[in-house]
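Colleague: All I have is the shape, not the residue letters:
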């Protein structure tokens, strides 16, 4: 039973029991119990794929949430250490997190000992619920700004959006915020594996973390970079993202694991060229005194953008918006 049908059938019952509640009870508490009772269906299993000596992933083939994929739109990464499994991004619902736990338990005879959320967009952290339930007291790490956003507006916003986009398939997911803070330069040591944390200011969001697996020459970049998908830049910065790429390319890593799309050595280069193709024509248009429409025409015909139009998920629906954001950023940078 989905949420819509259940709530329709229970509306009269809710009103009836309101007068029967004890003084200390509230309809809000009852509503939370309803949410706990009504859950979306289980998510089908997605296999683990090994990327390096210590790193595995569950690849998500879809770029955006739909009722059909039940919100499975974000890659999930797992670092196999001597002490246990570290999860980088827990997925977009409790059901997705539970699916990941099934795969971990099939492959590894180890507990999950830590979860890292790269940023506050819900497809990367709503699965915290499943890991917190399965592994009591597991530390969940994020940038302090990410935690503030989840505990603030972003938590309920993203839970509601995922339910809406998936026709309530993610129903039953609870907001479980990160419990431990990570900053730029933080290191987490798990015996045979050390993770180094990178944060370079506003990029995809103000609080993006990249997780470098020392020794494997591999970095999980979250949504700092994507493969054949345009990143949501509403809270971000093109110049900040390019700055982050400059810094990451100076690390020992040569292999990049994005939140969306295939991992590989070319992920940063692919995104750099696309973002340069969007931002630099806008920057020049501002310098030349051209308006937004003239800037859009310049971007669309830029070969760095035109060559990616056909195979970039969300291109047609989003390119206009992202050009507008780039133009506004270039205007602000010009003052």
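Modeller: Noted; the coordinates are in hand. Since the structure is predicted, the reported quantities are computational estimates derived from the model, not experimental observations. Numbers count the residues shown, from 1 in each chain.
Colleague: before we move on, what SS does residue 316 have?
Modeller: helix (DSSP: H, G, I helix; E, B strand; the rest coil).
Colleague: what sits against it?
Modeller: Listed by Cβ atoms under 8 Å, 6 or more residues apart in numbering, the contact partners of residue 316 are residue 309. For the C-beta atoms, the positions are set from N, CA and C on the backbone; glycine is no exception.
Colleague: Pull out the buried positions in stretch 121-139.
Modeller: For stretch 121-139, the neighbour count (16 or more other Cβ atoms under 10 Å) marks 121-132, 134-135, 138 as buried.
Colleague: same question, stretch 143-154
Modeller: Buried residues in stretch 143-154, defined by neighbour count with 16+ other Cβ under 10 Å: 143, 145-150, 154.
Colleague: of these, closest to residue 218?
Modeller: If you rank the buried residues of stretch 143-154 by distance to residue 218 using Cβ to Cβ, residue 143 comes first, at 20.4 Å.
Colleague: Might one say that the closest one is in contact with residue 198?
Modeller: No. Assessed by Cβ atoms under 8 Å, residue 143 is found out of contact with residue 198, at 10.7 Å.
Colleague: pLDDT-wise, which helix or strand of the protein ranks last?
Modeller: Ranking every helix and strand in the chain by mean pLDDT, DSSP states H and E puts helix 3-18 at the bottom, with a mean of 42.
Colleague: Torsion angles phi and psi at the residue nearest the centre of the chain?
Modeller: When Cα atoms, centre = their mean is applied to the chain, the residue found nearest the centroid is residue 124 (3.3 Å). With angles defined as degrees, to the nearest 10, residue 124 sits at phi -100, psi -10.
Colleague: Wait, it touches residue 116, no?
Modeller: No. With contact defined as Cβ under 8 Å, residue 124 and residue 116 do not form a contacting pair (9.7 Å).
Colleague: Mind listing the shared neighbours of those two?
Modeller: residue 89.
Colleague: Let's verify the residue nearest to residue 151 when sequence neighbours are not counted: helix, strand, or coil?
Modeller: Nearest residue to residue 151, sequence neighbours excluded (Cβ to Cβ, 6 or more residues apart in numbering): residue 177, at 5.1 Å. Following three-state DSSP, the label given to residue 177 is coil.
Colleague: which phi and psi does residue 264 have?
Modeller: Backbone torsions for residue 264, taken as degrees, to the nearest 10, come to phi 160, psi 180.
Colleague: Determine the number of other residues adjacent to it.
Modeller: 16 (other Cβ atoms under 10 Å).
Colleague: do the one 5 residues further on as well
Modeller: The criterion is other Cβ under 10 Å. On that basis, residue 269 has 14 neighbouring residues.
Colleague: now swap in the one 3 residues further on and tell me
Modeller: Here the number of neighbours of residue 272 (other Cβ under 10 Å) works out to 17.
Colleague: quick one: pLDDT of it?
Modeller: pLDDT recorded at residue 272 is 96.
Colleague: I'd assumed it was in a helix, is it?
Modeller: Yes. Assigned with three-state DSSP, residue 272 falls within a helix.
Colleague: For it, give me its contacts.
Modeller: With Cβ under 8 Å, 6+ apart, residue 272 has these contacts: 242, 245.
Colleague: Could you pull out the helices in the protein for me?
Modeller: Using DSSP state H, the helices of the chain run over 3-18, 27-37, 94-107, 128-134, 144-151, 153-165, 238-248, 267-288, 292-301, 303-306, 315-334.
Colleague: For residue 225, which of the ones you listed is the nearest?
Modeller: Using Cβ to Cβ, the helices of the chain put helix 267-288 closest to residue 225, at 4.2 Å.
Colleague: and that closest one with helix 238-248, angle?
Modeller: Put simply, helix 267-288 runs at 140 degrees to helix 238-248, going by axes from the mean of the first three to the mean of the last three Cα atoms, to 10 degrees.
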